[in-house]
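[1] Can you look at this prediction? I've put the sequence above it.
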Amino acid sequence: MSIQQFSQERLMKVLLAPQISEKATYVAEKNEQVIFRVAPDATKPEIKAAVEMMFKVNVDSVQVLCVKGKVKRTGRFVGRRNNWKKAYVCLAAGQEINFAANEQG
């Protein structure tokens, strides 16, 4: 599948934010993967096309994971955070995404 099969408007809405945590930085260094928070209805081909379009890199594979929202309480009120979707994007050898450079440009 290529970028042309998806509308550019849709691809801009697929990636919500990079997931930055201790585990994410460890995975990035060890496996050349980047972790993104993605739209709940995003598919693997859409995620791959969105990353390739936005960051101009080659993507080898995408693994998707659904994260269940935690149950939280404030006093006597019990609430629940929303479920969300996480994508592990495996980049081709030698490829790298530098988020600091992309924010300024």
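    Happy to help now that I have it. Numbering: from 1, shown residues only.

[2] Name the helix or strand for the residue nearest the centre of the chain, please.
    Central residue of the chain (CA atoms, centre = their mean): residue 36, 1.9 Å from the mean position. In the assignment (DSSP states H and E), residue 36 maps to strand 33-38.

[3] show me the contacts for the residue nearest to the centre of the chain.
    The contact partners of residue 36, taken as CB atoms under 8 Å, 6 or more residues apart in numbering, are 15, 16, 17, 18, 19, 47, 51, 86, 87, 89. (C-beta placed from N, C-alpha, C; glycine too.)

[4] and with 6 Å instead?
    Listed by CB atoms under 6 Å, 6 or more residues apart in numbering, the contact set of residue 36 reads 15, 18, 87.

[5] of all these, which comes closest to residue 63?
    Nearest to residue 63 among the contacts of residue 36, counting by CB to CB, is residue 87 at 7.1 Å.

[6] which stretches of the protein form strands?
    Residue ranges of the strands in the chain, as given by DSSP state E, are 15-18, 33-38, 59-67, 71-74, 77-80, 84-91.

[7] Rebuild those as TSV, extending it with mean pLDDT.
    Output for the strands of the chain, formatted as TSV (pLDDT from 0 to 100):
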stretch	mean pLDDT
strand 15-18	94
strand 33-38	94
strand 59-67	95
strand 71-74	95
strand 77-80	96
strand 84-91	95
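
[8] Out of these, which is closest to residue 25?
    In terms of CB to CB, the element of the strands of the chain nearest to residue 25 is strand 33-38, at 9.3 Å.

[9] can you tell me how far residue 66 sits from residue 56?
    Noted for residue 66: a distance of 28 Å to residue 56, by CB to CB, to the nearest Å.
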